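A.B. asks: got a predicted structure here, sequence first:
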Amino acid sequence: MKYRYLGNTGVQVSPVCLGTMMFGGQTSEEDSRKIIDKALGLGINFMDTADMYNAGESEAVLGRALKGRRDQVVVATKGRQVVGESPNEQGGSRLHLTQALDRSLQRMQMDHVDIYYLHAPDYQVPIDQTLRAMDDMVRSGKVRYIACSNFRAWRLCEALWASDKLGLNRFACVQPLYNIVNRDVEVELLPLCREHSIGVVSYSPLARGILTGKYKPGEDYPEGSRAARADRRMVQAELREPSIEVSARLAEYCGSRGVAASQFSLAWCIANPMLTSIIIGPRTMDHFDDNIGCLELEITQADEEFVDSLVPPGSHSGFGFQDEVYPITGRAGSELGS
């Protein structure tokens, strides 16, 4: 395993991060443990969860599985999203985040996490308030490094400026959506991270399954798939006909190369030198075994040119596509998301 430095932290992590969103939910604890054991055996030392995943059970399963070997793993979790019915059980306030972190540590039976992400921006809370709360987490010893997810470049830049001005810990890494059919972050966010030595840990490298090749243009979605279940985030962020058309062309190309479309898509993300690691989120051991094969695949210049012909650099499939959860806010009258 060739490890990579996480920004300028000095911490080295595997280029594949084991995402545990399915653990404690669709993936049983027994199967989750088997996947975690195999990942550790292969040298994967980076694992990602969040308080909202399966109502906290993902964190609990991960914590129990790492008992006695906690120090072998860089553990990341997240807070900010809705985790209860109270109006204060969400958001980027000091009140919520400090409570959320304590509950995450309790579920995982850990005294600290290595990386704590603000899961999404909260435009109702001044960024300096959120940063002060997260800085206190580091100073208390409960968090080693703070980070953010789903931030646009301007918001990350504002956060870095505020940290420098106030003498607070900076975000050490970011977690953006990035895959062959969603390349928007190549325009601003990735260059910003390179300039400021910020780690990049991308999620949804398979576009929630679109890039596996199992979806066919004009055909019904496979039974049991995320699309067939009308998975909310898949519908909002990934499920569109142009992406399925791209996937079909990609599958044909990969067939001629003699490689799996899923492994090619993952390897393509890893091949971007601005990325530190990519998060895979296997539901089954078969998914994990398939995904991990990406580490054996080398992306060629011809491969890069083919992908560029499908979705040009810095763009996405489907003219006019917008993720309704993270809307464009640069026109008068548009509202910043809460």
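C.D. replies: On my side now, so go ahead.
A.B. asks: for Tyr221, phi and psi?
C.D. replies: When read as degrees, to the nearest 10, the backbone of Tyr221 gives phi -70, psi 140.
A.B. asks: same check, this time on Gly218
C.D. replies: Torsion angles, degrees, to the nearest 10, at Gly218: phi 80, psi 0.
A.B. asks: which parts of the worst-scoring helix or strand of the chain on mean pLDDT are buried?
C.D. replies: When the helices and strands of the chain are scored by mean pLDDT, DSSP states H and E, helix 232-237 comes last with a mean of 86. For helix 232-237, the neighbour count (16 or more other C-beta atoms under 10 Å) marks Met234, Ala237 as buried. Just so you know, the C-beta spots here come from the backbone N, C-alpha and C atoms, and that holds for glycine as well.
A.B. asks: next SSE after it?
C.D. replies: Next along the chain after helix 232-237, taking DSSP states H and E as the criterion, comes helix 241-257.
A.B. asks: what helices or strands is that next one leaning on?
C.D. replies: Judged by 3 or more C-beta pairs under 8 Å, 6 or more residues apart in numbering; DSSP states H and E, helix 241-257 is in contact with helix 261-270, helix 301-310.
A.B. asks: make it 6 Å
C.D. replies: Under the contact criterion of 3 or more C-beta pairs under 6 Å, 6 or more residues apart in numbering; DSSP states H and E, helix 241-257 touches helix 261-270.
A.B. asks: by contact count, what packs against the helix it packs on?
C.D. replies: Contacts defined by 3+ C-beta pairs under 6 Å, 6+ apart place helix 261-270 against helix 241-257.
A.B. asks: who touches the helix it packs on?
C.D. replies: Val181, Ile210, Leu211, Gly213, Tyr215, Pro217, Ala261, Phe264, Phe306, Leu310, Ser317, Gly318 (C-beta atoms under 6 Å, 6 or more residues apart in numbering).
A.B. asks: that older thread, CA atoms of the least confident helix or strand of the chain as CSV?
C.D. replies: Output of helix 232-237 as CSV, limited to C-alpha atoms (Å, rounded to 0.1, in the frame of the first residue of the first chain):
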residue,chain,number,x,y,z
ARG,A,232,-33.2,10.4,-1.8
ARG,A,233,-29.6,11.6,-2.2
MET,A,234,-29.1,9.5,-5.4
VAL,A,235,-32.2,11.1,-6.9
GLN,A,236,-31.0,14.6,-5.9
ALA,A,237,-27.3,14.3,-6.9
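A.B. asks: need the strands for the stretch 51-200 of the chain, in chain order.
C.D. replies: Under the criterion DSSP state E, counting those that start in this stretch, strands of the stretch 51-200 of the chain are mapped to 74-79, 113-118, 143-149, 171-175, 199-202.
A.B. asks: count of neighbours near Gln38?
C.D. replies: Not quite, residue 38 is Lys, not Gln. Neighbours of Lys38 under the rule other C-beta atoms under 10 Å: 16.
A.B. asks: same check on the one 3 residues further on?
C.D. replies: The tally of other residues near Gly41 (other C-beta under 10 Å) stands at 8.
A.B. asks: next up, the contacts around it.
C.D. replies: Gly41 makes contact with no residue under the criterion C-beta under 6 Å, 6+ apart.
A.B. asks: from Val61, how far off is it?
C.D. replies: 18 Å (C-beta to C-beta, to the nearest Å).
A.B. asks: my read: Ile210 touches Leu239, true?
C.D. replies: No: using C-beta atoms under 6 Å, Ile210 is not in contact with Leu239, being 7.3 Å away.
A.B. asks: check what pLDDT Gly333 gets.
C.D. replies: The model reports Gly333 with a pLDDT of 59.
A.B. asks: what does Glu158 give?
C.D. replies: 97.
A.B. asks: tell me the bridge partners for the residue positioned nearest the centre of the chain.
C.D. replies: The chain has Tyr203 as the residue nearest its centroid, 2.9 Å off, counting by C-alpha atoms, centre = their mean. Under DSSP bridges, the beta-bridge partners of Tyr203 are Leu177.
A.B. asks: Gly43: how many residues sit nearby?
C.D. replies: Based on other C-beta under 10 Å, the number of other residues close to Gly43 is 12.
A.B. asks: you'd agree it is up against Lys2?
C.D. replies: No: between Gly43 and Lys2 there is no contact under C-beta under 6 Å: 9.3 Å.
A.B. asks: and the helices in the stretch 1-150 of the chain?
C.D. replies: 29-41, 57-65, 94-108, 127-140 (DSSP state H, counting those that start in this stretch).
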